[in-house]
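1. Model the following, please.
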Amino acid sequence: MLALGVLAQAAGAMFANAPAFLIPTLQSDYGVSLSRAGLIAAAPTLGFLVSLMAWGAVVDRIGERRVLVIGLSVTALASAGAALSQSFALLGVFLVLGGMAASSANAASGRVVVGWFPPERRGLAMGIRQMALPLGVAFAALTVPQIAESHGVGWALALPTAVTIIAAAACLLIVDPPRPTRAAAKESGLLDNPYRGRGMLWRIHGVSVLLVVPQYLVWTFMLVWLMTDRNWSAAAAGILITFTQLLGAAGRIGAGFWSDRVRSRMGPMRWVAVAAAVSMLAVALTDWLDSPAAVALMVIASVITTADNGLAFTAVAEIAGPYWSGRALGAQNTTQYVAATLVPPIFGGLIGLVSFPLTFAIAALFPLAAVPLVPEDPPERV
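-> Residues are numbered from 1 along each chain as shown. So this is what the prediction gives:
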């Protein structure tokens, strides 16, 4: 079940992040500005934004397996439409539609993991599941830029089409995790709204929004930064980003294991926020000084800024319980994707206006603001 959850999430992540690696081709072949190319990169994220809450509610009602099979099948169709589209506008439309379908994997695959693992192993299991996102990005980074450069945007998008078809078929093997009957859940309070009269979940959502800003800044513009600011080739930059994403996957597993050992999700999350702020400031300083260390520090920042996701996701699912976790995880991802949708166009314009170093320094302020907002660990409801 864990492997299938990872595959489902990785397939959706590959589709959602592939457009970011089309930016150099869109600029060179279509003459698209960095800000406008950023809109294309953000199109799947916009689709995620408008559909995550709805998918979460559907998961709470009909279960994980059916949501994953339906959602990934529609993602494959939208990806095929994007690959075959002949206009900039149509490309954006299909990417938005694909993002709306791919978001089904977020809450559903998370619920599969939370439902099948006990609390003392859940942090590690969710860390493994959360590595699906950097794995999906890594696979896209390794393949999409080179395919786009050699064969064009259409062939580059044919790859996520194939991957999501395979994932949809594999999800037919998923078994929905057990949960108490509605009558038993009502007796134990698991049907009660976990948001009512409590600010804990909203604080976790807010912290995650602040921490996602440097994460998506690095993910979206690291390729462009390496090629334009550091004069790397597309192939070399893609290989480094792939390696970085694999390190990020290991970082998520490590953070989950750490949270199980210390019996805390929020303590490690607070330290990740501090480290994210420090690492982004270090990247800004070394890039401004034109130091070769900037590339190594960018790799470190990329790993650190992804490490919190599994911690927050696990905590939200534990607080919400089995009859609210779909909607709560949908809210968690929705608030994150609000920020993630805005990062590419806003920070793309900011890079053009004030340069990369100052943009990196500005991004460091977001995790710094998150540190005092991290709440104490709440009791579980699962």
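
2. what about stretch 18-25, distance to the chain center?
-> Mean-position distance between stretch 18-25 and its chain equals 17 Å (Cα atoms, centre = their mean, to the nearest Å).

3. how long is that stretch end to end?
-> Chord length of stretch 18-25, first to last residue, is 12 Å (Cα to Cα, to the nearest Å).

4. Angles on the backbone of P178, please.
-> Main-chain torsions, P178, degrees, to the nearest 10: phi -70, psi 150.

5. What pLDDT is listed against the nearest residue to it once chain neighbours are set aside?
-> In space, and not counting its chain neighbours, P178 is closest to G115: 7.0 Å by Cβ to Cβ, 6 or more residues apart in numbering. For every residue, glycine as well, the C-beta is placed using N, CA and C. G115 is assigned a predicted lDDT (pLDDT) of 86.

6. got it, and the one 10 residues further on?
-> The predicted structure scores A125 at 91 on the pLDDT scale.

7. measure it to D260 for me?
-> 9 Å (Cβ to Cβ, to the nearest Å).

8. which one of the two has more residues nearby?
-> A125 (24 against 19; other Cβ atoms under 10 Å).

9. and the one helix or strand that one maps to, how far from the chain's centre?
-> Using DSSP states H and E, A125 sits in helix 119-130. For helix 119-130, the distance from its own C-alpha centre to the chain's C-alpha centre is 16 Å (Cα atoms, centre = their mean).

10. Could I get the CA-only coordinates of that helix as CSV?
-> These are the backbone C-alpha positions of helix 119-130, laid out as CSV (Å, rounded to 0.1, in the frame of the first residue of the first chain):
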residue,chain,number,x,y,z
PRO,A,119,1.5,6.2,15.2
GLU,A,120,4.9,5.0,16.2
ARG,A,121,5.8,4.2,12.6
ARG,A,122,3.6,6.7,10.8
GLY,A,123,6.2,9.5,10.6
LEU,A,124,8.7,7.3,8.8
ALA,A,125,6.0,5.9,6.5
MET,A,126,4.6,9.3,5.7
GLY,A,127,8.2,10.5,5.1
ILE,A,128,8.6,7.7,2.5
ARG,A,129,5.3,8.6,1.0
GLN,A,130,6.2,12.3,0.9
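
11. Which residues are in contact with F221?
-> By Cβ atoms under 8 Å, 6 or more residues apart in numbering, F221 lies in contact with 344, 347-348, 351, 356.

12. Return the helix or strand in this protein with minimum mean pLDDT.
-> Lowest mean confidence among the helices and strands of the chain (mean pLDDT, DSSP states H and E): helix 182-188, at a mean of 71.

13. ok so, going back, can you add distance to L133 and give the contacts of F221 back as CSV?
-> Output for the contacts of F221, formatted as CSV (distance: Cβ to Cβ, whole Å):
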residue, distance to L133
P344, 16
F347, 19
G348, 21
I351, 23
F356, 24
